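J.: Below are the sequence and a predicted model; questions follow.
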Amino acid sequence: MIAIKTVLVTGAAGFIGRNLTGALAALENVEILRFDTGNTKEELRDMAGAADSIFHQAGVDCSQDPEEYDMGNRRLTEDLVAYLREAGRKTPLLFSSSTEAELDHPYGWSKRDAEAAVLRYDQDVGAPVFVYRLPSVFGKWCLPNHNSFVATFCHNIANGLPITISDPGVTLNFVHVDDVVGEFIGQLEGKFGPDLPVAVLMSKQRWTPYSVYPVYPLKLGQLADLLYYFKAGRENLTIPNVGDEFTWKLYCTYLSYLPEHRFSYPLRAKVSASGSSTEFIRTPDRGQVSVYALKPGTTMGNHWHYSRCEKLLAVSGRGVVRLRKVHGDKVLAYFVSGENPEVVDIPPGFVHHMQNLGDTDLVMVPWANKPLDPSKPDTIFLEV
């Protein structure tokens, strides 16, 4: 039987802490000890003594009082490592610091002092320590109007509130919380990749912090433009380029800030005697997706395209898709049904239609290689 590993997460109710504990809970044989603002120092002492590994995420990162930075960062970290020394164990300790530790202000000073406390613990007892200097972290569950531009922008834009950008041209480095969590759990499991930088205590003055990759540099103005593009997608039915790693991570983050009563949004259906056509998604480079509903005994289509191609998938009902070359007489028939999903490709230059052969609506999901442009419809009507 594999022994249970007890893991302490400080700041468990915070942004990274919640994402981290959620991922740890999915692992087998891991017991999570959670420390946060509602716990006492005595409870921290007990948890530190019982833990096999520690993720130290707790800290103060948004305050008008410099003393709060010192208490929440330096002193709390010094208390934690003092409790570890008392326990007499060489407990691995991973500490989330910040790239702000390189700057001269109260928050940066408090983070540097906390780093020093962790490194002294390493020197004193020889415990494995991992100090990460994180840039701006974004993702789900981060509080808006706190310490994250991304969280504030996502919340405000999703809720129709204004945003303020003092300098749209300033560039910040961003990392996604899932990449942070994945890196941290990799350290817990002892997975050291060859391309990952290793934190080495060079001397009392010189050492190398760990980093999380990939890092995404982006101007604040570009960030805002992307988020407004996501918002407009409900009206123009566009979705972002999910082939770009940063874009899809930001898009998922934006969706997590939607008001709960606005997760759904209406579509506009074009209704005719034969049924309805409802466009669902359109993109400039990945095509268009719609939903067709044909009434029993009706036919939809009877046209062809110069350069547009389509894929048709029946998801409910029973029918037939017929195709004929524009300058030919041979008619191809593909019988389709929701019970036996099968995609029918419609090449350009083929007249085609769909006919409902059943007693219920025939529901089809068509994909086209490019969205329909009313000014250049590329649709020539002709009977199959």
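T.: Yep, that arrived.
J.: so where's this structure uncertain?
T.: Across the chain, the stretches falling below the confidence threshold (pLDDT under 70) are 1-3, 191-206.
J.: Okay, buried residues for the helix or strand containing S276 please.
T.: In the assignment (DSSP states H and E), S276 maps to strand 275-283. If you call a residue buried by 16 or more other CB atoms under 10 Å, then strand 275-283 has these buried ones: 275-277, 279, 281-283. C-beta here means a position set from N, CA and C on the backbone, and glycine is covered the same way.
J.: how would you label L172: helix, strand or coil?
T.: When states are read from DSSP: H, G, I helix; E, B strand; the rest coil, the local structure at L172 comes out as strand.
J.: Could you list the alpha-carbon positions for the strand holding S276 in PDB?
T.: The C-alpha atoms that make up strand 275-283 are tabulated as PDB, following Å, rounded to 0.1, in the frame of the first residue of the first chain:
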ATOM      1  CA  GLY A 275     -37.600  24.600 -41.100                       C
ATOM      2  CA  SER A 276     -34.900  26.800 -39.600                       C
ATOM      3  CA  SER A 277     -31.200  27.700 -39.900                       C
ATOM      4  CA  THR A 278     -29.300  29.000 -36.900                       C
ATOM      5  CA  GLU A 279     -25.700  30.200 -37.100                       C
ATOM      6  CA  PHE A 280     -23.800  29.200 -34.000                       C
ATOM      7  CA  ILE A 281     -20.100  30.100 -34.500                       C
ATOM      8  CA  ARG A 282     -18.200  32.000 -37.200                       C
ATOM      9  CA  THR A 283     -14.400  32.500 -37.500                       C
END
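J.: so what secondary structure elements neighbour that strand?
T.: Helices and strands touching strand 275-283, as assessed by 3 or more CB pairs under 8 Å, 6 or more residues apart in numbering; DSSP states H and E, comprise strand 269-272, strand 287-294.
J.: partner strands of the first one, parallel or antiparallel?
T.: Looking at strand 269-272 with DSSP bridges, its paired strands and their directions are strand 275-283 (antiparallel).
J.: now the last one
T.: Looking at strand 287-294 with DSSP bridges, its partner strands are strand 275-283 (antiparallel), strand 362-368 (antiparallel).
J.: closest one to K330 among those?
T.: Counting by CB to CB, K330 lies closest to strand 362-368 out of the strands paired with strand 287-294; the figure is 23.0 Å.
J.: tell me which residues in that closest one are buried?
T.: With burial defined by 16+ other CB under 10 Å, the residues of strand 362-368 counted as buried are 362-368.
J.: Could you do stretch 222-230 as well?
T.: With burial defined by 16+ other CB under 10 Å, the residues of stretch 222-230 counted as buried are 223-224, 226-227, 229-230.
J.: what do you get for stretch 348-365?
T.: For stretch 348-365, using 16+ other CB under 10 Å, the buried residues are 350-356, 361-365.
J.: Could I get the buried residue list for the strand or helix carrying R324?
T.: Taking DSSP H and E as the definition, one finds R324 inside strand 318-325. Along strand 318-325, these residues count as buried under the neighbour rule (16+ other CB under 10 Å): 318-324.
J.: Which neighbours in the sheet does that strand have, and how are they oriented?
T.: Strand 318-325 has these partner strands in its sheet, going by DSSP bridges: strand 331-337 (antiparallel), strand 350-356 (antiparallel).
J.: Please identify the most buried of the helices and strands packed on strand 275-283.
T.: Compared across the helices and strands packed on strand 275-283, strand 287-294 shows the largest average neighbour count, a mean of 20 (mean count of other CB atoms under 10 Å).
J.: contacts for that strand?
T.: With CB atoms under 8 Å, 6 or more residues apart in numbering as the contact definition, strand 287-294 has outside contacts at 274-282, 300, 317, 319, 354-356, 361-372.
J.: Distance from that strand to the middle of the chain?
T.: Computed by CA atoms, centre = their mean, to the nearest Å, the chain-centroid distance of strand 287-294 equals 27 Å.
J.: Just grab the bridge partners of V129 for me.
T.: Assessed by DSSP bridges, V129 has beta-bridge partners L93.
J.: so it makes contact with L93?
T.: Yes - in this structure, V129 is within contact of L93 by CB atoms under 8 Å, at 5.0 Å.
J.: Spit out the contact partners of L143.
T.: Taking CB under 8 Å, 6+ apart, one finds 15, 151 in contact with L143.
J.: do the same with P66
T.: Going by CB under 8 Å, 6+ apart, P66 touches P106.
J.: Tell me how far it lies from I4.
T.: 41 Å (CB to CB, to the nearest Å).
J.: which one of the helices and strands packed on strand 275-283 lies closest to Y83?
T.: Proximity of the helices and strands packed on strand 275-283 to Y83 was assessed by CB to CB; the nearest stretch is strand 287-294, lying at 56.2 Å.
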